[in-house]
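Enquirer: pasting the structure only:
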DNA sequence: TCATTTTATGAGAAGTGGCGAATATTTTCA
DNA sequence: TGAAAATATTCGCCACTTCTCATAAAATGA
């Protein structure tokens, strides 16, 4: 249940989880993101060659965003980094 | 000086900043990421259609990673979200 | 200023995303 | 169990990445 996103597969899993939390199906998410249901499917299954702009559109539709942080940090350490 | 990454341009700027902090040029970063100097250049200038795997390779080479978090949150709110 | 380093740009080839449209497969649930 | 809904897959098509190789433009520093 992490929000960490190091691989396309992890990103796809997080997208799927967020979508289901909102009670949306892939078609509904696609509509909001300006993408096709098939494209959402590919992303959720971990398409490694997805376009950056496509991923960003999906996150925006879910009201999510990327943060770029140091790897291998504990959550406590992140607090340090934030301030 | 934010780590927020909503657009390809923001991601490119953050990549460039992290690269320079390490004292690397684009060729050196490319070598570490298994990519060409030209590709690093495109990413840093905000290529919107870059491949997800390419961006992830660059972040890994910089020892960085994505986090997926809710949009429009204050930093204080993030602390809440972390725990 | 000038030479060196660094970054950006160019053409062509190969590979693939996302599209439209259609369909197969799987999952859900009455 | 069976029908409906949801998700995954396929084909042709165009756009565009990333690659190799080459070079132009810009930035750096003595």
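Expert: On my side now, so go ahead. Here the structure is a predicted model, which means the values were calculated and not measured.
Enquirer: contacts, neighbours, all on C-alpha from now
Expert: Fine.
Enquirer: Which residues of chain A lie near DNA strand C?
Expert: Contact residues (Cα under 7 Å from any atom of the strand) of chain A with DNA strand C: A:34-36, A:38-39, A:42-43, A:47-52, A:54-55.
Enquirer: just the buried members of the residues you listed?
Expert: Among these, those scoring as buried are A:35, A:39, A:43, A:47, A:48, A:50, A:51, A:52, A:54, A:55 (criterion: 16 or more other Cα atoms under 10 Å in any protein chain shown).
Enquirer: circling back: which pair in the residues of chain A next to DNA strand C has the greatest spatial separation?
Expert: A:34 and A:48 (19.9 Å; Cα to Cα).
Enquirer: Keep only those of the buried ones among the residues of chain A next to DNA strand C that are in helices.
Expert: Residues of those located in helices (DSSP state H): A:39, A:43, A:52, A:54, A:55.
Enquirer: other SSEs contacting the biggest helix by length in chain A?
Expert: Across chain A, the longest stretch assigned as helix under DSSP H is helix A:8-21. Under the contact definition 3 or more Cα pairs under 8 Å, 6 or more residues apart in numbering or on different chains; DSSP states H and E, helix A:8-21 sits against helix A:37-44.
Enquirer: Averaged pLDDT, the helix it packs on. What do you get?
Expert: Regarding helix A:37-44, the rounded mean pLDDT is 95.
Enquirer: Kindly report the same for stretch A:22-33.
Expert: The model assigns stretch A:22-33 a mean pLDDT of 96.
Enquirer: Buried residues, it. List them.
Expert: So for stretch A:22-33, counting by 16+ other Cα under 10 Å, buried means A:26, A:27, A:28, A:29, A:30, A:33.
Enquirer: So what touches that stretch?
Expert: For stretch A:22-33, the external contacting residues (Cα atoms under 8 Å, 6 or more residues apart in numbering or on different chains) are A:19, A:36, A:37, A:39, A:40, A:41, A:57, A:58, A:60, A:61, A:62.
Enquirer: Kindly tell me how buried the third one is, as a neighbour count.
Expert: Look at residue A:37: counted by other Cα atoms under 10 Å in any protein chain shown, it has 16 neighbours.
Enquirer: which bits of chain A sit near DNA strand D?
Expert: Going by Cα under 7 Å from any atom of the strand, the residues of chain A near DNA strand D are A:25, A:26, A:27, A:37, A:38, A:39, A:40, A:41, A:42, A:44, A:45.
Enquirer: any idea how far the spatially closest residue to the last one that is not a sequence neighbour is from residue B:56?
Expert: Spatially, and ignoring its direct neighbours in sequence, residue A:45 is nearest to residue A:12 (5.8 Å; Cα to Cα, 6 or more residues apart in numbering or on different chains). Going from residue A:12 to residue B:56 by Cα to Cα, to the nearest Å gives 14 Å.
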